[in-house]
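**Student:** Give the three-dimensional model of this entry:
(one chain, ligands or ions: 1)
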Amino acid sequence: MAAGGPVDRSPRENTPPRLGERASGADDTNAVDTRARFDERARMVERQLAARGIADTRVLAAMRSVPRELFVPESFRHAAYADRPLPIEAGQTISQPYIVALMIEAAALAPDDRALEVGAGSGYATAVMSRLAREVVGIERHRVLAERAAERLQRLGYANATVRCADGSAGCSERAPFDAILVAASGPRVPAALLAQLAPGGRLVMPVGGEHFAQRLVKVTRVGDDEFREEDLGGVAFVPLIGTEGWPG
Ligand code: SAM
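**Tutor:** Purely as a prediction, here's the structure:
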């Protein structure tokens, strides 16, 4: 994989191995953070993130601190630190670590920020974001994922993170405004509801483009009441954002 710009850095987002592909030989330990896992995580941060240009030391520290193996199905724990997305329940994916770090770095989370993640999935990125912001709200459209992510985050002690089940393409008006919004699924355009819920100076990071191809990761900054600045962070491939302001289900 190229170590240059962000283009093609998540080429396999939609093509993880199938759930249950390796049920035997999986590491089913319940140990929360063994030395081996700690070392694997440190290697992942160094080789997959820092070496590819993730430079924000707070983001690197947050990625080093969250035990990704506890957010993937047991049969995939052996691959928790692999350089690729992995399958989770409901036919969805947990994103490649590099893409999680890239999006979170672009969102420039500050310690006092309130953040929203649309497409919380396993709750992994929500957990990483919670290490960097005051409060994180995750939204997931699949109930089974939302409930498991909420339970997992609570059990692991991420007390400033919550997950609810809803259509996140409409945002979360009752908790808005947000200093940062991450959308972990690709829509045809940036939802107007999410732009409206950005605080002044707020940043939104999201893949936009075709339902299954030709997507660009964009960063939108609210620079005035009705003024937004958009940057292109490169080509990516994400699962579709399904909802009122996304793709039809
Ligand atoms: N960030 C997640 C993690 O760390 O595990 C992985 C996100 S996965 C690539 C994208 C998620 O977006 C899926 O779980 C999918 O169900 C969810 N999703 C798609 N459309 C959605 C919507 N309108 N509202 C909320 N979640 C949505």
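**Student:** From now on I want contacts and neighbour counts done on CA atoms only, so please keep to that.
**Tutor:** Fine.
**Student:** so how far is the ligand from the closest residue to residue 73 other than its chain neighbours?
**Tutor:** Leaving aside its sequence neighbours, residue 73 sits nearest to residue 88 (Cα to Cα, 6 or more residues apart in numbering; 6.2 Å). From residue 88 across to the ligand, the span is 8 Å (Cα to the nearest ligand atom, to the nearest Å).
**Student:** Surely residue 88 and residue 94 touch.
**Tutor:** Yes. The pair residue 88 / residue 94 is scored as a contact, 6.4 Å apart, by Cα atoms under 8 Å.
**Student:** where do the contact lists of these two overlap?
**Tutor:** Residues touching both residue 88 and residue 94 (Cα atoms under 8 Å, 6 or more residues apart in numbering): 72, 121-122.
**Student:** Of these, which are in range of the ligand?
**Tutor:** Applying Cα under 6 Å from any ligand atom to the shared contacts of residue 88 and residue 94, one finds that 121-122 fall near the ligand.
**Student:** I'd like the shared contacts of residue 88 and residue 94 laid out as a markdown table, including secondary structure.
**Tutor:** As requested, the shared contacts of residue 88 and residue 94 are exported to a markdown table (DSSP: H, G, I helix; E, B strand; the rest coil):
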| residue | secondary structure |
| --- | --- |
| 72 | coil |
| 121 | coil |
| 122 | coil |
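**Student:** could I get the shared contacts of residue 88 and residue 94 as JSON lines with pLDDT and neighbour count?
**Tutor:** As requested, the shared contacts of residue 88 and residue 94 are exported to JSON lines (pLDDT from 0 to 100; neighbours: other Cα atoms under 10 Å):
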{"residue": "72", "pLDDT": "97", "neighbour count": "22"}
{"residue": "121", "pLDDT": "98", "neighbour count": "31"}
{"residue": "122", "pLDDT": "98", "neighbour count": "31"}
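**Student:** low-confidence ranges in this structure?
**Tutor:** Scanning the chain for pLDDT under 70 picks out the ranges 1-33, 211.
**Student:** for it, longest strand please?
**Tutor:** strand 198-209 (DSSP state E).
**Student:** Phi first, then psi, for residue 114.
**Tutor:** Dihedral pair for residue 114: phi -110, psi 130, per degrees, to the nearest 10.
**Student:** Nothing else from me, thank you.
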